[in-house]
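K.L.:
model this:
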Amino acid sequence: MRRPLALLTLFAAHWLTACGQGAVCGQSQVEPGPDEELGAFLYQHDTVLDLQILMDAEALEGLPEATGEQIDDVHATVVFEGQEWAGGLRLKGDSSFRKIDKKAAFKIDFGEFETGHTFYGVRRLTLNNMVQDESMLSENLAYWLHAAMGGVAPRQGYACVRVNGDDYGLYGLVETMDEQFVQRHFDDPSGVLYEGGKGADIRQGRMELFEIEDAGVPEGRGDIVALTEAMDAATPETFMDVLGDHFVLDELLRTWAVELYAGNIDSYITRSNNFLLYHQPVPNTWTMIPWDEDQAFQGDLDPYDPYDAEVPAEHGRLFEDCLASDACVEALIGHIEDVILLAEDEGLLEHALDQRAMIFDLIRSDPRSDCSRHCARSAQRQALSFIRQRPDSIQQRLEAAR
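P.N.:
Numbers count the residues shown, from 1 in each chain. Alright, predicted model coming up:
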């Protein structure tokens, strides 16, 4: 039996004044302007949105008890600024998966049950529970740094979330990697968006492990097969030329340089994990997109060999081949030096301090988090310490190798 609308409205009215004890949530009246870029208001760096999720008993019973169990989205209603939007909801995450009675993470598709239905023009919302980002800062800051370097990366903001009136705490509101993301970034959105990780890589025997996030699949995955065969034929001497035939070199190397500077121990360069590839048919180019940056600002990675001994795994194939090419390493180091300058000029530390101040009081009203407020604040101090020390640390590593 579905929950009466009057009761749902009561939940919403209660929640709009309760999130974060009024410290941050609920203070901003957020409305997108008529000329604003699609969804930009969701990812402001000075605002924590208030989102209420409402589900009836039938929907709650349809949610999974473990990752990978849910097949169909359940009906849900999102309340924002006193208005309601219907959509389909599922729980998300692998190692970050939590049941609905814990701090569950959510994907919401407003077009699942009604074609063309959106949330201020945005079809999907991704709400990360940040249980693996104990600082609740790392992913936000890493995406900010990628964007500051001109890279293709999702945007992230924050939201306080309640489910049927119960406080679920602070979430990372991350731009969903879907057709809207592709349309926003690429002139030709007719290509294929592949998700890497779980062993997928540009290697023989690994291509079939890529998951398709958007658009049709070329017959036999011909595009990624062709890319793999081209890289197989490259030598250390020809590697840069072959790589440049398939990727925009500066764009790809900037992405790797940010991951190195940010000390991301769970990325393509360290574990062939947490990345997407988009093949743009016209022109015939590939783009690597970072994803799931919750382990950034943790590892004092060596730019010449960022192998994390504590998490044994192989580098991503392209990065591994780059390390074997003197020309690639030289170009990569140049981009790392650019990141060092940009982090100072654009104020990475100042931005981190601002983000920490914005969410600081909300940590104490995050009752479902695996990490206590003391744990979270300790993780924040560690992340800030890393950011302060990283310029000198990575410069010393670069100078030692010269």
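
K.L.:
and this protein, what are its domains?
P.N.:
With domains defined by automatic domain parsing, the chain comprises 5-180, 187-343.

K.L.:
relative to E350, which of those domains is closest?
P.N.:
domain 187-343 (10.4 Å; Cβ to Cβ). The C-beta positions use only the backbone N, C-alpha and C, and glycine is treated the same way.

K.L.:
end to end, how far does the closest one reach?
P.N.:
By Cα to Cα, to the nearest Å, the extent of domain 187-343 from end to end equals 29 Å.

K.L.:
same question for stretch 110-124.
P.N.:
Terminal residues of stretch 110-124 are spaced 6 Å apart (Cα to Cα).

K.L.:
what residues of it count as buried?
P.N.:
Within stretch 110-124, the residues that count as buried by 16 or more other Cβ atoms under 10 Å are 110, 112, 118-120, 122-124.

K.L.:
for the stretch 151-300 of the chain, give me the ranges with low pLDDT.
P.N.:
Along the stretch 151-300 of the chain, the model assigns pLDDT under 70 to residues 214-220.

K.L.:
mind running it again at 50?
P.N.:
Residues of the stretch 151-300 of the chain meeting the criterion pLDDT under 50: none.

K.L.:
which residue ranges form the strands in it?
P.N.:
Remark: strands assigned in the stretch 151-300 of the chain by DSSP state E, counting those that start in this stretch are 156-163, 166-174, 192-195, 211-214, 275-280, 285-290.

K.L.:
redo those as TSV? Include distance to G62.
P.N.:
As requested, the strands of the stretch 151-300 of the chain are exported to TSV (distance: least, Cβ to Cβ, whole Å):
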stretch	distance to G62
strand 156-163	14
strand 166-174	18
strand 192-195	25
strand 211-214	23
strand 275-280	29
strand 285-290	31
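
K.L.:
indicate which one of those is closest to Q382.
P.N.:
Closest to Q382 of the strands of the stretch 151-300 of the chain, according to Cβ to Cβ: strand 166-174, at 18.2 Å.

K.L.:
the closest one pairs with which strands?
P.N.:
Paired with strand 166-174 in the same sheet, following DSSP bridges, are strand 124-128 (antiparallel), strand 156-163 (antiparallel).

K.L.:
most packed of those?
P.N.:
Comparing these by mean neighbour count (mean count of other Cβ atoms under 10 Å), strand 156-163 ranks first with a mean of 24.

K.L.:
pull the CA atoms of that one into PDB?
P.N.:
The C-alpha trace of strand 156-163 is given here as PDB (Å, rounded to 0.1, in the frame of the first residue of the first chain):
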ATOM      1  CA  GLN A 156      30.600  17.100  -7.600                       C
ATOM      2  CA  GLY A 157      28.700  18.900  -4.900                       C
ATOM      3  CA  TYR A 158      27.200  17.900  -1.600                       C
ATOM      4  CA  ALA A 159      23.700  17.100  -0.300                       C
ATOM      5  CA  CYS A 160      22.100  16.300   3.000                       C
ATOM      6  CA  VAL A 161      19.800  13.400   2.500                       C
ATOM      7  CA  ARG A 162      16.800  12.100   4.400                       C
ATOM      8  CA  VAL A 163      14.800   9.000   3.600                       C
END
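
K.L.:
and the contacts of that strand?
P.N.:
Here strand 156-163 makes contact (Cβ atoms under 8 Å, 6 or more residues apart in numbering) with 11, 15, 18-20, 25, 42-45, 47-55, 100, 104, 106, 127, 139-140, 143-144, 168-175, 358-359, 362, 365.

K.L.:
can you say which of the residues you listed are buried?
P.N.:
Neighbour counting with 16+ other Cβ under 10 Å marks 11, 15, 18-20, 25, 42-43, 47-55, 100, 104, 106, 127, 139-140, 143-144, 168-175, 358-359, 362, 365 as buried within the contacts of strand 156-163.

K.L.:
restricted to strands, list those residues.
P.N.:
Counting by DSSP state E, the buried ones among the contacts of strand 156-163 place 48-54, 106, 127, 168-174 in strands.

K.L.:
and stretch 79-93, which residues are buried?
P.N.:
In stretch 79-93, counting by 16+ other Cβ under 10 Å, buried: 79-80, 85, 87-93.

K.L.:
can you flag which of those belong to strands?
P.N.:
79-80, 85, 87-92.

K.L.:
contacts only, for R155.
P.N.:
Counting by Cβ under 8 Å, 6+ apart, R155 makes contact with 39-40, 42-43, 143, 147, 174-175.

K.L.:
now do I394
P.N.:
260-261, 303, 336, 340.

K.L.:
and the least confident of the contacts of R155?
P.N.:
Lowest pLDDT of the contacts of R155: G39, 75.

K.L.:
test my guess that that residue contacts L173.
P.N.:
No. In this structure, G39 is not within contact of L173 by Cβ atoms under 8 Å, at 10.0 Å.

K.L.:
re the thing from before, include distance to R388 when you put the domains of the chain into JSON lines, please.
P.N.:
Formatted as JSON lines, the domains of the chain follow (distance: least, Cβ to Cβ, whole Å):
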{"stretch": "domain 5-180", "distance to R388": "13"}
{"stretch": "domain 187-343", "distance to R388": "11"}
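
K.L.:
out of those, nearest to D370?
P.N.:
That would be domain 5-180 among these, by Cβ to Cβ, at 4.9 Å.

K.L.:
how far off centre is the closest one?
P.N.:
Relative to the chain's own centre, domain 5-180 is displaced by 13 Å; criterion: Cα atoms, centre = their mean, to the nearest Å.

K.L.:
can you check stretch 235-252 too?
P.N.:
Computed by Cα atoms, centre = their mean, the chain-centroid distance of stretch 235-252 equals 26 Å.

K.L.:
what does that stretch contact?
P.N.:
Here stretch 235-252 makes contact (Cβ under 8 Å, 6+ apart) with 150-152, 227, 230-231, 233-234, 284-288, 318, 321-322, 324-328, 331, 335.

K.L.:
that's all I had, so thanks and see you.
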